[in-house]
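[1] Have a look; sequence and predicted model below, questions after that.
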Amino acid sequence: MTAGSRGDVAPYTGLGHGLARAGHEVTLVTHARFEPLAARSGLRFHPLPVDPRAELESSRGRGLHRSATGAGKLVRVVAMARALAGRMTDDLVAAARTSDALLIAASLGPLGHTIAEGLSLPSMGVHLQPLSPTREFAPPMLGVGSWGAVANRVAGAGVSLALEQVFAAAVPPLRTRLGLPRARTTAGLRARERQGWPVLHGFSPLVVARPHDWRAGLDVTGYWWPYDGQERLPSKLEEFLDAGPPPVFVGLGSATVPDPGRLGAEIVRALRAAGLRGVIQRGWAGLEASGDDLLTVDEVPHSLLFPRTAAVVHHAGAGTTAAGLRAGVPAVPVPIQFDEAFWAARLVGLGVAPRALPLRRLTADTLAAALGEAIRDRGYGQRARELGERIRDEDGVTPVVDAVNRLAG
């Protein structure tokens, strides 16, 4: 069960495919617009009614860009998501009634916990970000590095409470509907936390090591890669790649931006100033570029495209960050909101990106300079290749298969 943008869904297609290969019947429960992802990976599908792209493009979604701080954006997204949570409850319950165990993404945590409790189903968390409080870093959703050990831990607990407020209105009637006693929104979740409810995290320990102060049962498995199956790159893209030196990929995934036309023009000027060809992914931001040295594409498998690029410029979402690391190419992260600044800082800390360029500070000059450094300083490419080799050797799926087998047993 997962909700959110494409980056909150695609990794579970690979995880689900791995579980299916291990003999399990897997249903992906998420927004209806992502049904093709489930079909491609051979998974069953149960749709949720909310369209995340439509919500981000609404006046309420566009309002996220009016907040300059991570805390401000968090307040706005909590308010937006709270208004939507109840619309998904009926379909989550219906999907759970035909299941033997629930794997719950962080985005649906309190609802999933309540449903598992009410239907007496075994469950576990499958998270894409390190959300449990720790002294080692500040909450990723706030987009800051560290405030010190005590403040990091306190802030982590505070963010967890804030995110649970998303479901404050939806959980009490759901508990009544499932015959559960009245409880505070967080009561069931915190009880399970104390009992060691298992949560597996789908990112590499080479990128974020498991915090030393996490309790037992919170584990880091390695990445869960989107299932690409027998996909190929479009012929037009293949021709472009073959026609010259490796281009730079530029894409912002499922992020939206206030002024796509202005941003696209800045990107084009940056690439041409740096003397680089570019593949521009349209994405939800609606980026466009044209010319013999540029190609605009829609969704393409990052696993096939990124290894053939000179560098990747992206919003530093968890999934795109992972794809760039797997490909072994340097990056220029352009974080926009939520956990993206956290992943951008990790890329810089790992030595595979020269610096982060937050969207508000991106210009043609700053992007051209960062790209020139990332590509022409061979250290970035060498470190990216070495890290990519190690990440490709990891197996993030098998620990989840083993955990599910224990649940089923």
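    Great, that's in hand.
[2] need the contact list for G244.
    Contact analysis of G244 by C-beta atoms under 8 Å, 6 or more residues apart in numbering lists 277, 293. To be clear about C-beta, it is placed using only N, CA and C from the backbone, and glycine gets the same treatment.
[3] Quick check: it is in a strand.
    No: read with DSSP: H, G, I helix; E, B strand; the rest coil, G244 is coil and lies in no strand.
[4] hey, where'd the helices end up in the stretch 1-150 of the chain?
    Per DSSP state H, counting those that start in this stretch, the stretch 1-150 of the chain carries helices over the ranges 10-21, 35-40, 52-57, 59-62, 70-97, 109-118, 149-164.
[5] A316: which of those is closest?
    With C-beta to C-beta as the measure, helix 70-97 is the member of the helices of the stretch 1-150 of the chain nearest A316 (13.2 Å).
[6] quick revisit: of the helices of the stretch 1-150 of the chain, which is nearest L294?
    Taking those one by one with C-beta to C-beta, helix 52-57 is closest: 24.5 Å.
[7] I'd like to know the average pLDDT value across that closest one.
    Taken as a whole, helix 52-57 has an average pLDDT of 65.
[8] re earlier: mean pLDDT lowest where, among the helices of the stretch 1-150 of the chain?
    When I compare these, helix 59-62 is least confident, with a mean of 54.
[9] possible to save the helices of the stretch 1-150 of the chain as TSV with mean neighbour count and distance to A353?
    Listed next are the helices of the stretch 1-150 of the chain as TSV, based on neighbours: other C-beta atoms under 10 Å; distance: least, C-beta to C-beta, whole Å:
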stretch	mean neighbour count	distance to A353
helix 10-21	23	21
helix 35-40	16	28
helix 52-57	16	25
helix 59-62	13	28
helix 70-97	17	19
helix 109-118	23	30
helix 149-164	17	23
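[10] Save those as CSV, and put in distance to R262 too.
    As requested, those are exported to CSV (distance: least, C-beta to C-beta, whole Å):
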stretch, distance to R262
helix 10-21, 28
helix 35-40, 31
helix 52-57, 17
helix 59-62, 15
helix 70-97, 21
helix 109-118, 37
helix 149-164, 32
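[11] Of all those, which one comes closest to A344?
    The minimum distance between A344 and the helices of the stretch 1-150 of the chain falls on helix 70-97, with 12.2 Å, by C-beta to C-beta.
[12] picking up where we left off before, out of the helices of the stretch 1-150 of the chain, which gets nearest to P330?
    Per C-beta to C-beta, nearest to P330 of these: helix 10-21, 22.5 Å.
[13] Counting by contacts, list what the closest one packs against.
    In this structure, helix 10-21 packs against strand 27-31, helix 35-40, helix 318-327, helix 397-408, with contacts taken as 3 or more C-beta pairs under 8 Å, 6 or more residues apart in numbering; DSSP states H and E.
[14] how about the ones you listed, which one is nearest M124?
    Of all those, it is helix 397-408 that lies closest to M124, at 6.1 Å by C-beta to C-beta.
[15] what comes into contact with that closest one?
    By C-beta under 8 Å, 6+ apart, helix 397-408 touches 14-15, 18-19, 22, 24, 100-101, 103, 122-124, 126, 198, 200, 219, 221-222, 224.
[16] before we move on, the earlier item: do you know which of the helices of the stretch 1-150 of the chain lies nearest R282?
    Across the helices of the stretch 1-150 of the chain, the minimum distance to R282, taken as C-beta to C-beta, is reached by helix 52-57, at 12.5 Å.
[17] now the closest residue in space to P246 that isn't next to it in sequence: how far from V268?
    Closest residue in space to P246, ignoring its immediate chain neighbours: A310 at 4.2 Å, by C-beta to C-beta, 6 or more residues apart in numbering. For A310, the distance to V268 equals 16 Å [C-beta to C-beta, to the nearest Å].
[18] again, but for S303
    Where V268 is concerned, S303 sits at a distance of 26 Å (C-beta to C-beta).
[19] Settle it for me: which of these two has more neighbours?
    Using other C-beta atoms under 10 Å as the criterion, S303 and V268 rank with V268 on top: 21 against 16.
[20] Could you list the low-pLDDT ranges of the stretch 151-300 of the chain?
    By pLDDT under 70, the low-scoring segments of the stretch 151-300 of the chain are 184-195.
[21] Now A94: closest residue in space, sequence neighbours ignored.
    H46 (7.1 Å).
[22] ok, what's across the strand from the one you found?
    Per DSSP bridges, residues listed as beta-bridge partners of H46: V29.
[23] how long is stretch 128-142 from one end to the other?
    Terminal residues of stretch 128-142 are spaced 16 Å apart (C-alpha to C-alpha, to the nearest Å).
[24] ugh, wrong one, stretch 129-140
    8 Å.
[25] What of stretch 217-225?
    Terminal residues of stretch 217-225 lie 22 Å apart, using C-alpha to C-alpha.
[26] List of residues touching it?
    By C-beta under 8 Å, 6+ apart, stretch 217-225 touches 11-12, 14-15, 18, 126, 130, 132, 196-205, 208-210, 303, 322, 326, 391, 394-397, 399-400.
[27] on that earlier part again, which stretch among the helices of the stretch 1-150 of the chain comes nearest K236?
    Nearest of these (C-beta to C-beta): helix 35-40, 20.5 Å.
[28] on that earlier part again, give me whichever of the helices and strands packed on helix 10-21 is most buried.
    Mean neighbour counts were compared across those using mean count of other C-beta atoms under 10 Å; the top stretch is helix 318-327, at a mean of 26.
[29] So which other helices or strands are in contact with it?
    Using 3+ C-beta pairs under 8 Å, 6+ apart: helix 318-327 touches helix 10-21, helix 302-305, strand 311-314, strand 331-333, helix 340-349, helix 378-392.
[30] 6 Å instead, please
    Judged by 3 or more C-beta pairs under 6 Å, 6 or more residues apart in numbering; DSSP states H and E, helix 318-327 is in contact with helix 378-392.
[31] Burial check on P358, number of neighbours?
    By other C-beta under 10 Å, neighbour count at P358 equals 17.
[32] Let me see the contact set for the closest residue to it other than its chain neighbours.
    For P358, ignoring the flanking residues on the chain, the nearest one in space by C-beta to C-beta, 6+ apart is P335 at 5.6 Å. Taking C-beta atoms under 6 Å, 6 or more residues apart in numbering, we find P335 in contact with 316, 341, 344, 356, 358.
[33] Great, nothing more from me.
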